[in-house]
Every structure is written in C-alpha cells, then in structure tokens.
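J.: what shape does this take:
(one chain, ligands or ions: 2)
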Amino acid sequence: MRVLIALGGNAILQRGQKGTASEQRDNVQKTVDQIVRMIRAGHEVVVTHGNGPQVGAILIQNELGSSSVPAMPMDICGAESQGLIGYMFCQSIHNTLCAEGVEGHEPACLVTRVEVDPADPAFANPTKPVGPFYSEEAARKRMAATGETWIDDAGRGWRRVVPSPDPKSIVEADVINALLEKGFTVVASGGGGIPVIRKGNGTWEGVEAVIDKDLAGERLAAAVNADLLVILTDVPKVAINYNTPDQKWLDTLTLSEMEELEKKGHFKAGSMGPKVNSALRFVRNGGQRAIIASLEEALEAIDGKKGTQIVKN
Ligand code: ADP
Ligand code: MG
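T.: Residues are numbered from 1 along each chain as shown. Ligands and ions are numbered 1, 2, ... in the order given. Coordinates of the predicted model:
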C-alpha cells in the first residue's frame, strides 16, 4: 500500500526540549525506526512533517542577526527549515536502511512549494503566530515600519501573525511521482510547504504565510494517489469532549459520523481541527481510509488495530 505519513511536531522535537541538534537527531531517529518498520512491512511510504519549532528558531536567528546579516523573508525561512529537517531524515533513513540491510527505498527530500489562492480569505485575516515575542512598544514600531500584523499572544508578549491559507496543489507533484516511481522514499511538503501564488504569466511567487501541514499533507496524499493518509501525533486517538470528564476516544467511524462530530465543534482549531478536516477531505476525495494515531503505534494503526480510523460511508 502507498501510505502518506504526516508527522507532528513531536516526531522531531518533544515538548519541553530546547531543540539542540542532538535532541532533534535522536527524535528523528525514533521516528525513522517507525518509518523503516512500515517499509519492512511492505508499505511504500511518503513522508511529510511539521516545522513549527525549527522555522521559529530560524526566524529568531534572523531577527537577532539582522544588524550583521540581512534577515530573510518567511518563504525562504520555510525553505531553510525543509532543508534542515529533510537532511536529518535523509541521514537517518539511509543509515537505518543500511544498518538493517534493507535494499532500495533510499530517501529523497524535496524542497516543496504549495500553491495557495491569492484571494483566500486568510490573507485578510492573519491568525498564525510565528517567530519571537516582542514588547508591545517594539511590536507597534515594527507594524508601523513594515505593515506586518502583530498581536498580544495570550499575555505572553507580542507576536507576529501571518495568514494561514488553504493549500490548493503541490507544485512539485510530478517530481515527487517520478521519484516514487523509481522506488525512493520521498520526504516532501515539510512545514505545509512553501506557500506560492501563481502569477498571470505562469510564474510563481513566494508569500509570507504558513500552510497547515496536515491540510497540505492531504493535498500531497491526493497528488501521489495514496491508499492511506496517516496523521501521527502525540495522542493515541481523536477524542470527543477532549480534556473533560466526558472525554471518549474514537475508534472507527464513517465519513458522515465524523462529519457530524466535527460540526458539533469537538476538534480544536490549530491542533486536532485541521487533522480531522484533512482526514475527512481525504476520504471524501475517494481515499480508502484516513487514520489519526500516535507515532509509536503507527504500524498497528495502519493495520487497523490502533488510532482513530475514518472510513468511507
Ligand atoms: P502536531 O504537532 O502533531 O500537529 P498538535 O498540537 O497540533 O500536534 O495537535 C495534537 C494535539 O491536539 C494533542 O496533543 C491534543 O492535546 C490536542 N487535541 C485537541 N483537541 C483534541 C481532540 N478532540 N482529541 C484529541 N486531541 C486533541
Ligand atoms: Mg499541529
């Protein structure tokens, strides 16, 4: 089966860790152990991943270093984060395949752009906080000088917010399919991909925005015609009444059953909401089955034994 794996932040950095290179390498190795288990079980794996802490660190480095070297815009920072995370995955996947004597399935990590619509309503309403925290005074100065939007982020300080538009298509789809055809294990669309808009003459232009990685993961799954979409995170299943005394973990649901629960508002925007949305879109567009599960139980979830499974009606 061709399986699209969307990895959450915990696959690269655990909550509470600083983000040193060795912490990130160790986490990536644990994640890759799961990926190689899937490969050994006979699955063709396509990987996408988040980049929140990594692009956050790059933005801080850019801010703090801007008196000596020019700061880069967000699309370039996104590309940098795909490169640094992609490199860790390439090393770890190759080295693990090599150590376990598995032939083929070599990794190919691709800097990936994702098309967004310039008319997407998200551009008029930036919601996604990124980069360092500033004082109100510094933030106001910055807004006046650049036209950026900064908000008071839950009392923790002021932070820049950028639009989070809906992904339309994966620009590198043909390249990814060509690599899959040759048997490579592809890592693509990291951090939701680099958002680009199409200009009148067929060219692309990068924009200052962040695409949700789970929604971009669904676009990637569609682009490669995946049989399964597997969203791996730090909880074992999706719950209703999450974090309340009435919390109940969900096992297997049909598309319409899950749609009903989504309408009732059980899945929080910015965390479980986009995962459920992405899973629903995948099955609605003809995908066999979508799964939301914990990273440690990935293979068991693919076998239908763990996680929340969303199936056709
Ligand atoms: P990731 O990096 O994997 O995208 P997120 O923090 O964005 O992680 O989303 C996973 C988190 O969603 C879980 O840690 C959990 O706290 C939260 N969450 C919110 N609503 C729910 C729900 N209904 N069921 C399960 N988890 C939920
Ligand atoms: Mg998330």
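J.: CA only for contacts and neighbour counts going forward, please
T.: OK.
J.: show me what residue 130 is bridged to.
T.: On the basis of DSSP bridges, residue 130 is bridged to residue 160.
J.: give the buried residues for stretch 13-31.
T.: Of the residues in stretch 13-31, 13, 19, 24, 25, 26, 27, 28, 29, 31 count as buried by neighbour count, 16 or more other CA atoms under 10 Å.
J.: got a list of contacts for that stretch?
T.: Contacts to stretch 13-31, defined as CA atoms under 8 Å, 6 or more residues apart in numbering, come from residues 10, 11, 12, 53, 88, 89, 92, 295.
J.: now narrow the residues you listed to whatever sits close to ligand 1.
T.: residue 10 (CA under 6 Å from any ligand atom).
J.: now, the most widely separated pair of the contacts of stretch 13-31?
T.: Greatest spatial distance among these (CA to CA): 53 and 92, at 19.6 Å.
J.: out of those two, which sits in the busier spot?
T.: Between residue 53 and residue 92, residue 92 has the larger neighbour count (other CA atoms under 10 Å), namely 21 against 18.
J.: any idea how far residue 108 is from the more buried one?
T.: Distance of residue 92 to residue 108, computed by CA to CA, to the nearest Å: 12 Å.
J.: if we can go back for a sec, let's have the contacts of stretch 13-31 in a markdown table, adding distance to residue 143 and secondary structure.
T.: Below are the contacts of stretch 13-31 laid out as a markdown table (distance: CA to CA, whole Å; DSSP: H, G, I helix; E, B strand; the rest coil):
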| residue | distance to residue 143 | secondary structure |
| --- | --- | --- |
| 10 | 32 | helix |
| 11 | 34 | helix |
| 12 | 32 | coil |
| 53 | 23 | helix |
| 88 | 36 | helix |
| 89 | 37 | helix |
| 92 | 41 | helix |
| 295 | 40 | helix |
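J.: just the buried ones from the contacts of stretch 13-31?
T.: 10, 11, 12, 53, 88, 89, 92, 295.
J.: what's the separation between the first one and residue 24?
T.: Which is residue 10. 10 Å.
J.: which residues sit in contact with residue 171?
T.: Going by CA under 8 Å, 6+ apart, residue 171 touches 112, 113, 114, 115.
J.: take those and keep only those in strands.
T.: 113, 114, 115 (DSSP state E).
J.: of the residues you listed, which is the most crowded?
T.: Those, ranked by neighbours (other CA under 10 Å): first place residue 113, 26 neighbours.
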